[in-house]
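K.L.:
Sequence plus predicted model, see below.
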Amino acid sequence: MMANGGFGTRGGASGMVHLARLLQFSDSTLPIGSFAFSNGLESALQTGVVSDPESLLNYVDLVLRQTARMDGVALLHAHRAALAGDYGAILVADSELYCRRVGEEQQLMLTRVGKKFAELVLKIMPSPTLERWLGDIKADATPGCLPIGQAIALAHMGVDESEAFVMHQYAIASMILSAALRLMRIDHLDTQRILFTAQGRVEGDYAAVRDLSLDEMASFAPVFDVLVAHHTTTHVRLFMN
């Protein structure tokens, strides 16, 4: 801390402004359409995989582990590429993540929310790299996965890669728990307890994936993959995945 009581500077903004803006982009109410997706929770409830707060915590843990080893790896590579000015490497990370996502609904979630995120950020602040990426999405030249857009925007803001990883993982857990409030008998106190507990794994997840290459980006989660497949065949659905 500086002698005047401030927190120094990060990317041209004070430490407090930096934190405030990071919180803004991790807010579950960010208007990018994530409320329409449950990340498989709807099927998990229909099949009995999730039935109470304890099994919901186990499910959130499962998704966070899988996401860290897929989306998280792509995000880290795209963040490093954005800082290095290597736009080609950003596109590679985008494509590699999209190809590894099992199921049309999961791909739809990544790309629809990714495009909305880029559009939102560009309304808030300029970012030439993000603008170029959004143009390529609209031209069908790149899929437009959310973690890639987050990486580009956060690198532009001066957010380091570990903070970007934390923000992404937090947003995934928050998305699932927001859906849980609409899908099952659970209150806000339970979901906040689950969120607090689940975030305790983020440091270990980051340490486990930070040195992985894009070729090593993979996750063995057959239960989750089956739930994703199940959701496409159900006749009554509240969420898009």
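P.N.:
On my side now, so go ahead.

K.L.:
Now do Ser26 against Pro126, distance only.
P.N.:
To Pro126, Ser26 is 21 Å away according to CB to CB, to the nearest Å. For the C-beta atoms, the positions are set from N, CA and C on the backbone; glycine is no exception.

K.L.:
got it, and Ala173?
P.N.:
For Ala173, the distance to Pro126 - CB to CB - is 30 Å.

K.L.:
who's more crowded, the two?
P.N.:
Ala173 (25 against 9; other CB atoms under 10 Å).

K.L.:
buried ones in the helix or strand hosting that one?
P.N.:
If you go by DSSP states H and E, Ala173 is part of helix 161-183. Residues of helix 161-183 classed as buried by neighbour count (16 or more other CB atoms under 10 Å): 161, 163-180, 183.

K.L.:
So Ile148 sits against Gly72, correct?
P.N.:
No - using CB atoms under 8 Å, Ile148 is not in contact with Gly72, being 11.9 Å away.

K.L.:
between the two, who's got more neighbours?
P.N.:
Ile148 (34 against 30).

K.L.:
Export the helix or strand in which the more buried one is found to CSV, keeping only CA atoms.
P.N.:
Assigned by DSSP H and E, Ile148 belongs to helix 146-157. Extracted C-alpha coordinates of helix 146-157, given in CSV (Å, rounded to 0.1, in the frame of the first residue of the first chain):
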residue,chain,number,x,y,z
LEU,A,146,-16.8,-16.5,-23.9
PRO,A,147,-13.5,-17.3,-22.1
ILE,A,148,-11.6,-15.9,-25.1
GLY,A,149,-13.6,-12.7,-25.0
GLN,A,150,-13.0,-12.4,-21.3
ALA,A,151,-9.3,-12.9,-21.8
ILE,A,152,-9.0,-10.2,-24.4
ALA,A,153,-11.0,-7.7,-22.4
LEU,A,154,-9.3,-8.4,-19.1
ALA,A,155,-5.8,-8.3,-20.6
HIS,A,156,-6.7,-4.9,-22.1
MET,A,157,-7.8,-3.7,-18.7
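
K.L.:
Okay, strands next: where are they in this structure?
P.N.:
Taking DSSP state E as the test, the strands found in the chain are 9-10, 13-14.

K.L.:
what number of residues lie near Gln46?
P.N.:
Neighbour number of Gln46 under other CB under 10 Å is 16.
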